[in-house]
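Enquirer: okay, predicted coordinates and the sequence, questions at the end:
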Amino acid sequence: MNYAELSGAVAQDAALRRRQRLQPVGGEGDKLFPPTYPGEGRNAGPRHVLERRRVAGEDVWCALVDSVQSQANRLEEALLNAVREGAVVVPHVTVDFRPAQLAGLTEITSLDAPHRVYDAILRDSLLDGQAFPKSELGVRLAEAKPGAAAALLEVSPTALLFGAWNSTGEGGGLGAKFPRALVSEIAAVGVSVEQAETLSRDRNGGMITSVDVANAGRRTGSRIDPLGILRRVEVYQGEGKAWDVDQAKAGKKAKRVKPSEINHGNIAPSVQALGITCDYAEHTAVISFAGLRRLGFGGGEKDAAGRTYLAALGLFALAEQDARGYALRSRCDLVCEGRAPLQRVQADGSTPEVDLDREGARALYREAYDRAKAVGLALRDTPVRLVPQDKLVNIVRQSQHLALSGEGGDQDEAKVD
């Protein structure tokens, strides 16, 4: 695919899509471990997301392997790596934490911040000594709308591609919303599940039959302590996670705990309903040209060039992710079942194939970038550099201190009822 073909497709077609079949790298039928989510109800264990989907005319049990949000993060990570390797230029904003000398933290960019260019990390930073939201650029970003999105295109085009919401903008969360133009997801198809019928009574005393669906896979866990420390050993833990077998030596407010609570001793074997087997996994990626046509960058050739640039950015991101492979998480490593082609989804529903490899995607992106600049779109060649406000540095520093002392608690304090 060349630039003229992509530009024409963006102007008149519905979308570009690809449906890529995948198999576990261990071979067909090998066990996979999709992401886990909190179970329903108090003390419920973790679970996978299981749902019925319509596949080839049949209702089939499927499991979510990589969500739309997770895929967007992976695609942005692939773009950021390409930028850092010097392969291309992608406009973005970066917050430089290096002068603050915080442990393990150098910079956060709009390519890895959770809410992209509208993230609180950027909001609580400074541009040329001024609070970023109050700077000229910050005001332009706050005022951006789908029909007037040039400011985002210039400094954070991924916000237009993967979606963004200025949730802290004017009107208490009524800031501009930019829907995703690129949607990517991986699901396992034909998943083994267990179904159990339960009987209960309704208000009138009648019997109701309900079907509970559970994951058929199992994950085991255990640990044998090489030191042979028994759970009956008396251990005391005081403030600051200090511990000792002598209560007096454990420090103030020392209480008796199990050896496992100080990470010693055996962990009893356990079994959880986790892990899946499936017929195959499928990676579905769609770049909506209809969605891109809702975005405006000044009218005329600027609109055409800006929309084509975003489409090229999406194709480039997908190609870079392909090159990185599908090592999604522990025991969730996938490989292609043959290479599936890209398809142009035309207005009449026909789907001619598109030929584009990684080098072709890189070349197409570079040309789209140059053409966008040539028509007057001010895409940034270098990142917009911010520095964190003192209050942001201080909250991070305090959090790191508490974490190192074992007093900070979990990052996510949400309670599951």
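Expert: Yes, it's here.
Enquirer: please count neighbours and contacts with C-alpha atoms only from this point.
Expert: Noted.
Enquirer: what's the burial count for residue 388?
Expert: Other residues near residue 388 come to 24 when the count uses other C-alpha atoms under 10 Å.
Enquirer: look up how far residue 132 lies from it.
Expert: Taken as C-alpha to C-alpha, to the nearest Å, the spacing of residue 388 relative to residue 132 amounts to 10 Å.
Enquirer: give the residues shared as contacts by those two.
Expert: The contact sets of residue 388 and residue 132 overlap at 122, 124, 125, 126 (C-alpha atoms under 8 Å, 6 or more residues apart in numbering).
Enquirer: with adjacent residues omitted, what lies nearest to the residue sitting furthest away from the middle of the chain?
Expert: Residue farthest from the centre of the chain, counting by C-alpha atoms, centre = their mean, is residue 248 at 47.5 Å. Spatially, and ignoring its direct neighbours in sequence, residue 248 is nearest to residue 254 (7.7 Å; C-alpha to C-alpha, 6 or more residues apart in numbering).
Enquirer: what's the end-to-end length of stretch 157-166?
Expert: 15 Å.
Enquirer: quick revisit: where's the residue farthest from the centre of the chain relative to residue 262, distance?
Expert: Residue 248 is 17 Å from residue 262, where distance means C-alpha to C-alpha.
Enquirer: go through the shared contacts of residue 388 and residue 132 and flag which are in helices.
Expert: Of the shared contacts of residue 388 and residue 132, the ones assigned to helices by DSSP state H are residue 122.
Enquirer: as CSV, the shared contacts of residue 388 and residue 132 with neighbour count would be great.
Expert: Shown next, in CSV, are those (neighbours: other C-alpha atoms under 10 Å):
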residue, neighbour count
122, 28
124, 19
125, 25
126, 20
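Enquirer: closest to residue 161 among the shared contacts of residue 388 and residue 132?
Expert: Ranked by distance to residue 161 (C-alpha to C-alpha), those are led by residue 122 at 19.0 Å.
Enquirer: residue contacts, that closest one?
Expert: For residue 122, the contact set (C-alpha under 8 Å, 6+ apart) comprises 94, 95, 110, 132, 386, 388.
Enquirer: would you check that the fourth one makes contact with residue 119?
Expert: To tie it back to what came earlier, the one meant is residue 132. No - applying C-alpha atoms under 8 Å as the test, residue 132 and residue 119 come out as separate, 11.2 Å apart.
Enquirer: and the one helix or strand residue 95 maps to, C-alpha only, in CSV?
Expert: Taking DSSP states H and E as the criterion, residue 95 maps to strand 93-96. What follows is strand 93-96, C-alpha atoms only, in CSV (Å, rounded to 0.1, in the frame of the first residue of the first chain):
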residue,chain,number,x,y,z
VAL,A,93,4.9,15.1,25.6
THR,A,94,7.4,13.9,28.2
VAL,A,95,7.8,14.7,31.9
ASP,A,96,11.4,14.6,33.0
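Enquirer: quick one: secondary structure of the residue farthest from the centre of the chain?
Expert: Under the three-state scheme (DSSP: H, G, I helix; E, B strand; the rest coil), residue 248 adopts helix.
Enquirer: and if you look at the one 4 residues further on?
Expert: Using three-state DSSP, the three-state assignment for residue 252 comes out as coil.
Enquirer: for residue 160, same thing?
Expert: Residue 160 is classified as helix under three-state DSSP.
Enquirer: number the chain from 520, please
Expert: With the count now opening at 520, the last piece we talked about shows up as residue 679.
Enquirer: how much space between it and residue 815?
Expert: Applying C-alpha to C-alpha, the value for residue 679 to residue 815 is 11 Å.
Enquirer: which residue ranges form the helices in the stretch 620-769 of the chain?
Expert: Along the stretch 620-769 of the chain, the segments classed as helices by DSSP state H, counting those that start in this stretch run 639-642, 655-662, 669-674, 676-681.
Enquirer: buried stuff in the last one?
Expert: Using 16 or more other C-alpha atoms under 10 Å as the burial criterion, the residues of helix 676-681 that qualify are 676, 677, 678, 679, 680, 681.
Enquirer: OK, contacts around residue 840?
Expert: By C-alpha under 8 Å, 6+ apart, the contact list for residue 840 reads 593, 594, 597.
Enquirer: tell me which element the last one falls in.
Expert: Counting by DSSP H and E, the element that carries residue 597 is helix 587-603.
Enquirer: tell me what that helix is packed against?
Expert: Applying 3 or more C-alpha pairs under 8 Å, 6 or more residues apart in numbering; DSSP states H and E, one finds that helix 587-603 contacts strand 701-708, helix 819-843.
Enquirer: can you say which of those is nearest to residue 634?
Expert: The nearest among the helices and strands packed on helix 587-603, by C-alpha to C-alpha, is strand 701-708 at 15.9 Å.
Enquirer: that closest one packs against which elements?
Expert: Here strand 701-708 touches strand 577-585, helix 587-603, helix 676-681, strand 799-807, going by 3+ C-alpha pairs under 8 Å, 6+ apart.
Enquirer: from residue 761, how far out is the residue farthest from the centre of the chain?
Expert: 11 Å.
Enquirer: now do residue 618
Expert: 33 Å.
Enquirer: higher neighbour count, those two?
Expert: More neighbours surround residue 761 than the other of residue 618 and residue 761, with 16 against 9 (other C-alpha under 10 Å).
Enquirer: what pLDDT does the more buried one get?
Expert: At residue 761, the predicted lDDT confidence score is 85.
Enquirer: residue 766 against residue 773, yeah?
Expert: Yes - counting by C-alpha under 8 Å, residue 766 touches residue 773, with 6.2 Å between them.
Enquirer: and for these two, which residues touch both?
Expert: Listed as contacting both residue 766 and residue 773 by C-alpha under 8 Å, 6+ apart are 755, 756.
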